[in-house]
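A.B. asks: can you look at this prediction? I've put the sequence above it.
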Amino acid sequence: MIFMYGAIFAIFYFVLIRPQQRQRKAHNELVQALKKGDEIVTAGGLVGEVVHINPVNKDGAASMEDRITIKTGESKVIVERGRISRVGSSTPAA
């Protein structure tokens with residue numbers, strides 16, 4: 001009986017928990033490496049270019065609650081760093 005519970009836990013760990021941890025870590029690294037000029041897509045579907053990154057921590061370390069200003073179309077929007085779903089490459093200057 002104990003072997004069966006251990007096997008079920010192992011299946012859950014390797015199928016659900018571990019891949020989700022890897023995906024979260026990769027997303028955090030991607031978002032922490034943001035820089036001015038990167039093209040991003042938010043979780044809500046907004047596409048824009050990073051104009052300003054404003055960390056809110058006093059120690060200077062970036063967190064997922066940092067505010068980032070992006071330019072989308074003719075307007076500027078402030079989004080949280082954690083709401084960025086995809087990062088593209090820097091847009092070339094015209």
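C.D. replies: That came through, no problem.
A.B. asks: stretch 23-36: which residues count as buried?
C.D. replies: For stretch 23-36, a neighbour-count test (16 or more other CB atoms under 10 Å) marks His27, Val31, Leu34 as buried. In short, each C-beta sits where N, CA and C put it, glycine included.
A.B. asks: ok, those residues vs Met1, which is closest?
C.D. replies: Comparing the buried residues of stretch 23-36 against Met1 with CB to CB places His27 closest, at 38.3 Å.
A.B. asks: grab the CA positions of the helix or strand hosting that closest one and hand them over as CSV.
C.D. replies: Taking DSSP states H and E as the criterion, the element that holds His27 is helix 18-32. Output in CSV follows, covering the C-alpha atoms of helix 18-32 (Å, rounded to 0.1, in the frame of the first residue of the first chain):
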residue,chain,number,x,y,z
ARG,A,18,8.5,19.5,-11.9
PRO,A,19,7.6,20.8,-15.4
GLN,A,20,5.6,23.6,-13.9
GLN,A,21,8.6,24.6,-11.7
ARG,A,22,10.8,24.6,-14.7
GLN,A,23,8.4,26.7,-16.7
ARG,A,24,8.1,29.2,-13.9
LYS,A,25,11.8,29.5,-13.5
ALA,A,26,12.3,30.0,-17.2
HIS,A,27,9.6,32.7,-17.2
ASN,A,28,11.2,34.5,-14.3
GLU,A,29,14.6,34.5,-16.0
LEU,A,30,13.1,35.8,-19.2
VAL,A,31,11.2,38.6,-17.4
GLN,A,32,14.1,39.6,-15.2
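A.B. asks: which element follows that helix toward the C-terminus?
C.D. replies: Next along from helix 18-32, by DSSP H and E: strand 38-42.
A.B. asks: and that following strand, what does it pack onto?
C.D. replies: Taking 3 or more CB pairs under 8 Å, 6 or more residues apart in numbering; DSSP states H and E as contact, the helices and strands that strand 38-42 lies on are strand 47-54, strand 67-72, strand 84-90.
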